[in-house]
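Novice: sequence? don't have it. structure:
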């Protein structure tokens, strides 16, 4: 039976798990993250392999979830300078690239910006002929000076040809190794947001090579001969080649892996995942194995992008939230946070917290229950009711259909909640939650998205949808999905408002099992 | 009164204008960036009150026409609004003294600010809708029989079209919409040239400062952690119509329109009541337990109950906790002629418009 490994490199710990092909946990390990990353991965892997005990050759796949890329952007560290090419004049120059970026980040990534004639209309017609001469000139100007190039063409999600051609001209025109990001591979409709994402993607070249190298080194040293994958924002995987090309697609994989991992451990698919910490509660929704995606523009390091990030609802409610008794009991938003074990009443402190309420209600045994036994019973009950209601309201807000779902409850603050919540089929408190991120990435499948505009008056709807679905499947297979086990996970049609003539935005997601 | 719009006003206008967009009108973000770029040299744009423009002056509206989805992908070159504006001036043989917004709800709140900055003329604190509507004839100058023509359309490629004359503003809408599709789905337009005395008669005063006031109050509420919904209501003379949760969403796929019905289940004081809102890009009418309680031309806006942020008809989703507010439309829209232009019948419903 083939096995697989999931690794999650966090800020503090590097976690590893071994799962069988039915996603059952066989072994787990935790080891401190190291500065060079690869040593931490190696230590964690060595430990998990020891505990696994079986022949290493049975391990076929190894999946990595990492916060490398998002941290590099947030800290503006190790980012490459990017030659930024936008194809679309005479349109689009009203707002030059890097507009509305945080100044320090723009400074860290900008080599130079170039605007080039070309690009397409929503219906595919060219705005202008692609200016090849100008691109050859740009290649000369950047030759030997920059390692990464970001190319964005107007309406490339509908017609990518100009981007592809421009990439070829630049590659042929320079005399050194160069890495080129084409925007249609990176993000979707919305020029500035897609361009922003593409520039960020280019700037992550060195960072992603470093991460992949760390993983390769560690697996090689341990004699593992398995295919490597990285977890993406949307809860699917990409192979190493794609990850090196599109590192930006890993920036939000952390929360996604955590939600998916929690649900996987709990043995449920469609579910609400609630993570209660000391100060806040994060509520996420999984549907068909994927997290609910946010409709708002996703900010990455202060830059507006159009990635579909997992939609997490955050409540100011945690195990350390302060409780204010009174005519109407109030809770939070302030919290004693990590000082809970000194400041809460049950721990001998003077702050009345939600944890004290849970102890007084007998929901859990913590500290000294006698310290809360004299609290007025109706007030404690009201506070407890309020805690349950806050979470129930949150669940109701995140649900996308009236159908109740199971709830997966994790995190230290989960002691606040009872096992009966409104609008919920059942409450599951899974074990092994501390390695949820590693499990989340190990249980992911290969995925691919296509997001484009089709004009149903020129291409009939059925044919248009068939084309886009086929494209999505092809992309998934190209990234390593088994062609016979690849399916369409989602189809969305969004009419283009204020524009008669049957133009519709079509988004399709395909995903599939790993090819073996 | 003359005052100066500065960069920060763009932020507050862009925050407030979508509330007047009643679910449609497009995101002002890009228009804001364009105006900011246009203002970078002067740093400010003069804004004058409607009542202060001289009777004999000429004002021309500057706007974007077409699909916001196209606009955010095929970003303009920035010069098109000016090209359209200049073409119209040339045809009229006369320079405009000021520009104005034809639609303060949404994207077209910020477009004319950029035009004013580029040309170096003031913006009039007024608009032609007081909200968002989908078509060219649905503006207050139509009430007075003022034509949208002569009207100029420009694209980034250098195409400039002039609609010299048409039978009526509906025809202008039709010609302009088709030309806009040919231009790639969005165009920059200059239209409704009015003399000062006509503008004073026909336009709706104070719309831009209203959008700014709404945005300012919302931002203040966010900073001071007070109720942003209350802030919106105070800024608009609006009232809370309903508070609840989206319990059902029925979309009809129809080209050019986000069309459908959204149903809400009441919470708090509205417990066990139901509100349905019919929408066609914008929110058209609201029914409380089957009884119509608000309708166009009055404004029906759906706000996120926590942040006060307006929810567009494309962004509606099951489970959202929302507050529905209504804001009375300008009295001009409540006249017989006004209702013929933008009343419920124009959207396929019977004509009843309840008091707000």
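Specialist: Received it, and whenever you're ready, just let me know what you need. The structure presented is a predicted model; accordingly, all values stated were derived computationally and were not measured.
Novice: so which bits of the stretch 101-250 of chain B are right by chain A?
Specialist: Residues of the stretch 101-250 of chain B lying near chain A by Cβ under 8 Å from any Cβ of the partner chain: B:134, B:156-158, B:177, B:181, B:184-185, B:245, B:247. (Each C-beta comes from the backbone N, C-alpha and C, glycine too.)
Novice: give the full set of residues in contact with the residue nearest to residue B:265 when sequence neighbours are not counted.
Specialist: What sits nearest to residue B:265 in space, not counting adjacent residues and going by Cβ to Cβ, 6 or more residues apart in numbering or on different chains, is residue B:247, at 4.2 Å. For residue B:247, the contact set (Cβ atoms under 8 Å, 6 or more residues apart in numbering or on different chains) comprises A:402, B:263-265, B:274, B:318.
Novice: out of those, which sit inside strands?
Specialist: B:263-265, B:274 (DSSP state E).
Novice: figure out the helix or strand that the residue nearest to residue B:265 lives in.
Specialist: strand B:239-254 (DSSP states H and E).
Novice: direction included, what does that strand pair up with?
Specialist: In the sheet, strand B:239-254 lines up against strand B:257-266 (antiparallel), strand B:321-327 (antiparallel) (DSSP bridges).
Novice: wait, doesn't residue B:104 sit right on residue B:212?
Specialist: No. Between residue B:104 and residue B:212 there is no contact under Cβ atoms under 8 Å: 10.0 Å.
Novice: neighbour count: the two, which is higher?
Specialist: residue B:104 (31 against 26; other Cβ atoms under 10 Å in any protein chain shown).
Novice: reformat the strands paired with strand B:239-254 as a markdown table; add distance to residue A:374 and mean pLDDT.
Specialist: Putting the strands paired with strand B:239-254 into a markdown table (distance: least, Cβ to Cβ, whole Å; pLDDT from 0 to 100) gives the following:
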| stretch | distance to residue A:374 | mean pLDDT |
| --- | --- | --- |
| strand B:257-266 | 40 | 88 |
| strand B:321-327 | 37 | 95 |
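Novice: switch these over to a markdown table; also include mean neighbour count.
Specialist: A markdown table is the format used below for the strands paired with strand B:239-254 (neighbours: other Cβ atoms under 10 Å in any protein chain shown):
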| stretch | mean neighbour count |
| --- | --- |
| strand B:257-266 | 20 |
| strand B:321-327 | 24 |
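Novice: switch these over to TSV; also include distance to residue A:515.
Specialist: Below are the strands paired with strand B:239-254 laid out as TSV (distance: least, Cβ to Cβ, whole Å):
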stretch	distance to residue A:515
strand B:257-266	40
strand B:321-327	44
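Novice: thinking again about what came up before, now, which of the ones in strands among the contacts of residue B:247 sits nearest residue A:332?
Specialist: In terms of Cβ to Cβ, no member of the ones in strands among the contacts of residue B:247 lies closer to residue A:332 than residue B:265, at 26.5 Å.
Novice: what residues are up against the closest residue to chain A within the stretch 1-150 of chain B?
Specialist: Closest approach between the stretch 1-150 of chain B and chain A, counting by Cβ to the nearest Cβ: residue B:78, at 3.0 Å. Counting by Cβ under 8 Å, 6+ apart, residue B:78 makes contact with A:93-95, B:34, B:37-38, B:114, B:118.
Novice: the residues you listed in helices, which ones?
Specialist: Filtering the contacts of residue B:78 for membership in helices, criterion DSSP state H, returns B:34, B:37-38, B:114, B:118.
Novice: who wins on neighbours among those residues?
Specialist: Using other Cβ under 10 Å as the neighbour test, the ones in helices among the contacts of residue B:78 are led by residue B:114, with 28 neighbours.
Novice: who are the contact partners of the residue lying closest to residue A:116 once chain neighbours are set aside?
Specialist: Excluding its sequence neighbours, the residue lying closest to residue A:116 (Cβ to Cβ, 6+ apart) is residue A:87, at 4.7 Å. Contact analysis of residue A:87 by Cβ under 8 Å, 6+ apart lists A:116-119, A:130, A:151-154, A:162-163, A:166.
Novice: all helices for chain B, in order.
Specialist: Under DSSP H, chain B gives helices at B:7-20, B:29-39, B:68-71, B:80-92, B:111-119, B:140-143, B:169-182, B:196-202, B:207-224, B:228-236, B:336-342.
Novice: no no, the stretch 1-150 of chain A
Specialist: A:38-52, A:68-75, A:103-109, A:132-142 (DSSP state H, counting those that start in this stretch).
Novice: which residues in the stretch 201-350 of chain A form strands?
Specialist: With strands called from DSSP state E, counting those that start in this stretch, the stretch 201-350 of chain A shows them at A:227-231, A:236-239, A:271-276, A:281-287, A:290-291, A:298-300, A:303-305, A:313-315, A:321-324, A:330-335.
Novice: by contact count, what packs against the third one?
Specialist: Packing partners of strand A:271-276 (3 or more Cβ pairs under 8 Å, 6 or more residues apart in numbering or on different chains; DSSP states H and E): helix A:253-266, strand A:281-287, helix A:377-398, strand A:405-410.
Novice: picking that back up, tell me the most packed of the residues of the stretch 101-250 of chain B next to chain A, by neighbour count.
Specialist: Among these, residue B:156 has the most neighbours (other Cβ under 10 Å), with 29 neighbours.
Novice: would you mind confirming that that residue is in contact with residue B:71?
Specialist: No. Applying Cβ under 8 Å, one finds residue B:156 not in contact with residue B:71, separated by 11.4 Å.
Novice: how about residue B:272, what does it touch?
Specialist: Taking Cβ under 8 Å, 6+ apart, one finds residue B:266 in contact with residue B:272.
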